[in-house]
Structures are given as structure tokens and as C-alpha cells.
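Chemist: predicted structure and sequence below. I'll ask about it afterward.
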Amino acid sequence: MELLLAEKNPNPGEIRVDQLVETPIGSGFGASAAGAVSAVYAVAAAASFKATKREVALFAHRAEIIESTGLGTVSVIYDSAGAGAITVPGEPGVAKFINVEVPRETKIVTGYLAPFDKKDALFSKTVSEKINRLGSEALKTFLADPTLDTLAREGERFSRNLGLESPEVKKMAQTAKSSGAMYASQNMIGYSVHALVDHHASAKVAKSLRDLSASIRVDTFDVGKRKAGLVRPSRS
């Protein structure tokens, strides 16, 4: 918001933004990117700035880079929905995203334990080099067969070979798969997992994760179809 206001309006007066965040923060769910995008969209709308969605999203993207809180997530979520992969990195409007077809009854079951400080990983040269190498291999495989199965399978391979999974995270992924999930892997990056599940098995997978520990937060989601945008409250 500071970056946006410094460029668009140096003297905005008093601005207060209240955010309701229902997704675990710092756990690879994209909460920081969603929070940044929603904040700049709200401020731009409140201040009546004349700018496109992409132009406003740029400030959220830059903030994520400065704070080392994201991995380019803003470049996708500001104007995309569904499942897929970033095939060309970059800022909003430059990054390219390929969607994959998702069966209508597919669910995502997630398990969350604790936040993960991304700076520990992003500032490590060894980890960064490993991320780039494994990511390039996964992307090459995905581009050869851009399907949901390939995306999920490569996600499993990436998280397993990256080596950031704690014993608890490994156990959650194994439990999800043994109870009916098609695929399950660590969130990038968090002490959390996401499992791809047919709707018939979603309740069983969710229960199996809850049964592991009372400390695990478990949620079940559909694959989203709505793009990010300003929601204007009813005044009736």
C-alpha cells in the first residue's frame, strides 16, 4: 500500500484497511499474495485511482519481492483461476500461466501444522539452486503433457526431492494417500500439505488427517473458478 500511495498519491490522508484472513498465513497457501492484492485493490478503489488490475497488482508483486514473502504468486492470482502452472516467470502481465482441465467433482483437502519462514529457504543459495533445478525439470515434464495428473505428480516429486518436508509433513502426505487421495504433497513452502481427492473420498481423507493429531487444521475446498476482483458490499 505504501508503494502504491507513494506513486499515485503522496498525501492520501488517513487510510485504514481491515482484512479478514481465513487461510493459514506463512504456509504455502498464497495468503501473503492474496492479502497484498486485496489490500492494493481496496486502496486503489477507495482513492479512485485510474489504473488497470495489472497496474495495481504490480505494487503487490513488488512488495512480495521486497519482503521475500512470495514466489511470484501475485503474477497469477490477480487475473487467473483454477489449476495450472506458471510457465514463464515475471511480474503481472509478463508471467504466463497454463490452466489444466479439472474434473468437476475434484476436491482439495489440506492439512496445516504451523507457519514456515520462507526467508530461511529463499536466502539459502543451496536451496535456491535446488529449487531452480527441480523446478526446471518439473516444468519440462509438465509442458510435454499439461494435465492435472502431470501437474500433481510433478508436484509430489518436487516436494519430495527438495527435502524441506518435516517428519510430520511426510506423515500427513502419506496418510492422505493411504486413505484415498490421488496425490498429496507439501505446500510450497509450509508445514502443510494439499491432497487431490475425488469427492467420494474427501471425507475419509479429511478424517484421517484429523485423526493424526488435534494440532492439524484440516479444510476441504473445491478448485476455484472466480478471478480476484473488487467486491462491493450491498448498502441496503
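Modeler: Yes, it's here.

Chemist: after the worst-scoring helix or strand of the chain on mean pLDDT, next one along is what?
Modeler: Lowest on mean pLDDT, DSSP states H and E among the helices and strands of the chain sits helix 118-122, with a mean of 63. The helix or strand immediately downstream of helix 118-122 is helix 125-144, counting by DSSP states H and E.

Chemist: which other helices and strands does the helix or strand following that next one contact?
Modeler: Using DSSP H and E, the helix or strand that directly follows helix 125-144 along the chain is helix 148-162. With contacts defined as 3 or more Cβ pairs under 8 Å, 6 or more residues apart in numbering; DSSP states H and E, the packing partners of helix 148-162 are strand 83-88, helix 125-144, strand 183-186. Using the backbone N, CA and C atoms, a C-beta is placed for each residue, glycine as well.

Chemist: nearest to Phe116, of those?
Modeler: strand 183-186 (9.5 Å; Cβ to Cβ).

Chemist: gap between the closest one and the chain center?
Modeler: Mean-position distance between strand 183-186 and its chain equals 14 Å (Cα atoms, centre = their mean, to the nearest Å).

Chemist: what's the answer for stretch 74-92, then?
Modeler: Worked out by Cα atoms, centre = their mean, stretch 74-92 lies 10 Å from the chain centre.

Chemist: show me the domain layout of the chain.
Modeler: 2-98, 101-222 (automatic domain parsing).

Chemist: quick one: which of those domains is nearest Leu230?
Modeler: Nearest to Leu230, of the domains of the chain and by Cβ to Cβ, is domain 2-98 at 5.2 Å.

Chemist: lovely, talk soon.
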